[in-house]
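Trainee: Fold the following, please.
(2 chains, ligands or ions: 3)
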Amino acid sequence: MLDARTLQQLTDIVGAENIATGAQDLICYGYDATQMEFLPDAVVHPDSAEQVSRVLQLANKENFPVFPRGAGSGFTGGALPKGGGVVLVTTRMNRILRIDTDNLVAEVEPGVVTEAFQMAVEKLGLFYPPDPASLKFSTLGGNVAECAGGPRAVKYGVTKDFVMGLEVVLPTGAIIRTGGETVKGVVGYDLTKLLCGSEGTLGIITKIIFKLLPYPDSKKTMLTVFDSIDGAARAVSTIIKNKIIPTTLEFMDHATLTCVERRFNLGMPESARAVLLIEVDGDRDLIEKQAGQIHKLIEPLGLVQFRVAKDAAESEELWRVRRLVSPSLRDVNPDKFNEDIVVPRSKVPDVIRRIEVIQKRYDIPIVNFGHAGDGNIHVNIMIDKSVPGQLEKAHEAIKEVFQAALDLGGTMSGEHGVGLAKQPYIPLELNAEQIAAMKAIKGALDPNNILNPGKMLP
Amino acid sequence: MTKKHTDPLERVAQEMKKCVKCGACRANCPAFGTFQREPATARGKVALAQHLVKGDITLDDGTYSAMSKCLLCGSCVDKCPNQVPTDEIVIAAREALAQRRGLTTFHKAVGQVIRNRKLMNLGALAAAVLGPIFFRKVPSTSGLRLRFPMPFIGGSRHIPQIAKKPFMKRHPEIIKGEPGKPTIVFFVGCMTNFVYTEIGEATLALFRHLGCTVIIPQGQQCCGLPGMSGGDLETVRELAEQNLAAIEKHQADYVMTACATCGGALHKLYPLVVGKRNPELKARLQAVADKTVDAAVLLQKLGLHPEETGTGQRMRITYHDPCHHRTAGIAKQPRALLKETPGLELVEMEGADRCCGLGGTFNVYHYESSLDINAGKSKAIIDTGADAVVTGCPGCIMQLSDGLKQAGDKTRVLHTVELLARKIRR
Ligand SMILES: Cc1cc2nc3c(=O)[nH]c(=O)nc-3n(C[C@H](O)[C@H](O)[C@H](O)COP(=O)(O)OP(=O)(O)OC[C@H]3O[C@@H](n4cnc5c(N)ncnc54)[C@H](O)[C@@H]3O)c2cc1C
Ligand code: SF4
Ligand code: SF4
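Mentor: Residues are numbered from 1 along each chain as shown, chains lettered A, B, ... in the order given. Ligands and ions are numbered 1, 2, ... in the order given. Sure, this is the predicted structure:
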């Protein structure tokens, strides 16, 4: 609990309008997309790096934890104030400071909503590719802190591939800059990369310098249907082996298709066992050619349907299949655990087969879809929490799914991070030495364990 | 907390469970857009309602205030992957809170006036209550609005010129059409009856042009939406029954409204709030709901030829989707009619389907925020360079006119039917 004097000091820093301690605010800043809930003692909405710095200095002096928060759309509880303390919300810092069309860089504050930034650069003919499915509401600060990725990662990479530099308030309150605006730069440790994906445990990001690209000329969307998951997976490797890197290679397994079909009746062929949504972008002539090549390459792999969108409206229609996945899943069971494992892309069929075995053993529905192009699979374990024993079963099954990914040379999370949700499983992937090295970094930067304590590292 | 107080929330308790707190509803929520705080989001309101049901939160001003920060625009419901009906949850929460805390003085007055047509017919009094609900401050120099002191909310507000003679007093109850043509009950609504009578005249002219028999039931009342806004669901129930009786007196093929808000009440709200308590009444309301249709949709359905009826003048227009249309899936039909009208060029504005900021009594309690939302709308309209913005809701017309005037802009604001009826009314 914060005492009255500390609250007053916080109020002095951010202004009375920007601090809340009423029950309503505590409730509304105590959840995120994990559906866990922990109530903070206060919520502050600072407006500058300087205010953030003063909050952290006070936290060190008065010894209370601070939890950075963007939009609270995280899937692993990274922004949740477990144990109480102060939630620090970045949404007032939401200015796009500049878009430099000469050097193709932009400087933004962390509270900017991802899509707003994309639209602003696109108006200038530029392109910011990272596109997490949450882009309409998640913040760029949250994206950097989680190193968010999306379907375009196959070709363009993830958030960290576009971060050139940061302004960060360290847990002790010091304000530093990392990286810069130059394409090259090798002086000192690469703190920019360290902070990308640090889940708000090493510093609070107050400015971001992003690299931008020219907006691609045009794009082409294809919906391809296969009679086996193997066919779809082989299609992925065949396309890439033939030196075509699509923007997007999204896949849906049979269980996913069944859900979508049952709910929305899209008229998929009877023999459909897997779907690949493929998108290529770039020069108009080139993508025409690539689309033709792709069709030829995947034809022999059990292709039962191939649809190409003629225009943007048709492209949207094809994407609809993918977007309907989420609303369809609830029909299977009311509660879901959405895990986002990654395996080398050639191992996708192997891991799907292992998941099938796990599903049978535990007798709970598991639905898989995701980014086949980078081997990132969203494994949805569907349960009904009100049925006794299901939750325990789900946890066991999740552990086995993680193990399967690791056995095949993969990782437990490609997008959502660790936060609170995956923390118990960390020792499956990281050994004692690795964890010790990470803890040493945390300890050095945050000696009083003020910033987002209890997250990520066990 | 007594059982009674949680009743309305029990109605939506199952629906609340569907919310996974993903945050998708933050996108385009006008309330969040202006307040920038999580309790103003749909997700926040669902979380608070869940705590209300659990009974572990004191029903203090904070919750009331959070629930008041909603325009019931339904945009969150469109965005929600799990189709959580936040609008219904907010209505239920407001009712629950009103039951517990009692209605505010202002909402009590709203309820009293909208329940009393005789009072409403006194015009000025109706304006006193409806004005601030539907109206914004406009420069007093505009001469457009008469000033009226608002004892309930303090200060003074500028409200619209009330029609000299209400629309319904100008016409008989039954206006016979050609034999074999559809019979239509016209649910007029307060704004059209007392303020924008030209919308009523245009609607009437169009359906007469099509040969329809138009019935204007004299017993009809306010639809009750202003009451719902403040949690006064009892008034809504009472009005629903009176309107039902007035409509049921006549044999009609359609119940038609030229007001998106009234349409929303008849079509969705009535069956919803009458609830489980009276299944027989609910079934009758549902029967009316099934027959309820928007004027533009019905005109299209009955085969209006805009070439014959249209404006006969060249005009660049843009179209604003009223929330109560968007949530009922009405968007293509009015646009199709306008596109077919010779001389009209339709240009889309950015965010045509975004709320104008009126939101029932939202604009009384959150005047500055309502202005803020409206300002964004005005900008989108002005950016199109259109001569007129067209829409299907008299409430939106008031709000849009006000926003544009405040922005010092001359774009005209018209109802779809006004444009369509130009030539035949001339
Ligand atoms: C429907 C849905 C779809 C999603 N799709 C994807 C997807 O496709 N790809 C993907 O990668 N993720 C996805 N996510 C997860 C989530 O949206 C991302 O992790 C996103 O980047 C979180 O951003 P946020 O602003 O909501 O951050 P929050 O949830 O508020 O915070 C996330 C973490 O970042 C930290 N943080 C936030 N701001 C700062 C800051 N300024 N400085 C330091 N730390 C900070 C927090 O402490 C926390 O640890 C999805 C989530 C949802 C609900
Ligand atoms: S979009 Fe729907 S499920 Fe997601 S937080 Fe909002 S109301 Fe809940
Ligand atoms: S109904 Fe509209 S204002 Fe209310 S929470 Fe939903 S989006 Fe926001």
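Trainee: So which helix or strand of the chain has the lowest pLDDT on average?
Mentor: No chain was given, so I picked chain A. Counting by mean pLDDT, DSSP states H and E, chain A has its least confident helix or strand at helix A:325-329, which shows a mean of 80.
Trainee: ah, no, chain B please
Mentor: strand B:145-149 (a mean of 34).
Trainee: Might you report the residue contacts of the residue nearest to the spatial centre of chain B?
Mentor: A centroid search over chain B (Cα atoms, centre = their mean) returns residue B:261, at 2.4 Å, as the residue closest to the centre. Neighbour list for residue B:261: B:189, B:223, B:225, B:322, B:324, B:393-395 [criterion: Cβ atoms under 8 Å, 6 or more residues apart in numbering or on different chains]. Where you see a C-beta, it was placed from the backbone N, CA and C, and this is true even at glycine.
Trainee: just those: which has the poorest pLDDT?
Mentor: Within those, pLDDT reaches its minimum at residue B:225, with 84.
Trainee: Can you list the buried residues in stretch B:230-248?
Mentor: B:230-244, B:246-248 (16 or more other Cβ atoms under 10 Å in any protein chain shown).
Trainee: Kindly report the same for stretch A:83-98.
Mentor: If you call a residue buried by 16+ other Cβ under 10 Å, then stretch A:83-98 has these buried ones: A:84-94.
Trainee: any chance of those residues in a markdown table, with pLDDT, distance to chain B and secondary structure too?
Mentor: Listed next are these as a markdown table, based on pLDDT from 0 to 100; distance: Cβ to the nearest Cβ, whole Å; DSSP: H, G, I helix; E, B strand; the rest coil:
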| residue | pLDDT | distance to chain B | secondary structure |
| --- | --- | --- | --- |
| A:84 | 96 | 17 | coil |
| A:85 | 97 | 17 | coil |
| A:86 | 98 | 15 | strand |
| A:87 | 98 | 10 | strand |
| A:88 | 98 | 13 | strand |
| A:89 | 98 | 8 | strand |
| A:90 | 98 | 11 | coil |
| A:91 | 96 | 6 | coil |
| A:92 | 97 | 7 | coil |
| A:93 | 98 | 11 | coil |
| A:94 | 97 | 8 | coil |
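Trainee: Among the residues you listed, which ones lie close to ligand 1?
Mentor: Near ligand 1, taking Cβ under 6 Å from any ligand atom as the test, the members of the buried residues of stretch A:83-98 found are residue A:90.
Trainee: Below-threshold pLDDT in the stretch 251-400 of chain B: ranges please.
Mentor: Residue ranges of the stretch 251-400 of chain B with pLDDT under 70: B:275-276, B:310, B:312.
Trainee: For it, give the residue positioned nearest to ligand 2.
Mentor: residue B:327 (14.9 Å; Cβ to the nearest ligand atom).
Trainee: quick one, what contacts that residue?
Mentor: The contact partners of residue B:327, by Cβ under 8 Å, 6+ apart, come to B:74, B:77-78, B:87, B:264, B:268.
Trainee: out of those residues, which is most surrounded?
Mentor: Among these, the one with the most neighbours (other Cβ atoms under 10 Å in any protein chain shown) is residue B:264, at 27 neighbours.
Trainee: Mind checking what helix or strand follows the host helix or strand of that residue in sequence?
Mentor: Using DSSP states H and E, residue B:264 sits in helix B:260-264. Remark: after helix B:260-264, the chain's next helix or strand is helix B:270-274, criterion DSSP H and E.
Trainee: Buried residues of whichever helix or strand comes after that next one, list them for me.
Mentor: For helix B:270-274, the succeeding helix or strand toward the C-terminus, using DSSP H and E, is helix B:279-291. Using 16+ other Cβ under 10 Å as the test for burial, helix B:279-291 gives B:281-282, B:284-285, B:288-289, B:291.
Trainee: what does stretch A:188-200 give?
Mentor: For stretch A:188-200, using 16+ other Cβ under 10 Å, the buried residues are A:191-192, A:195-200.
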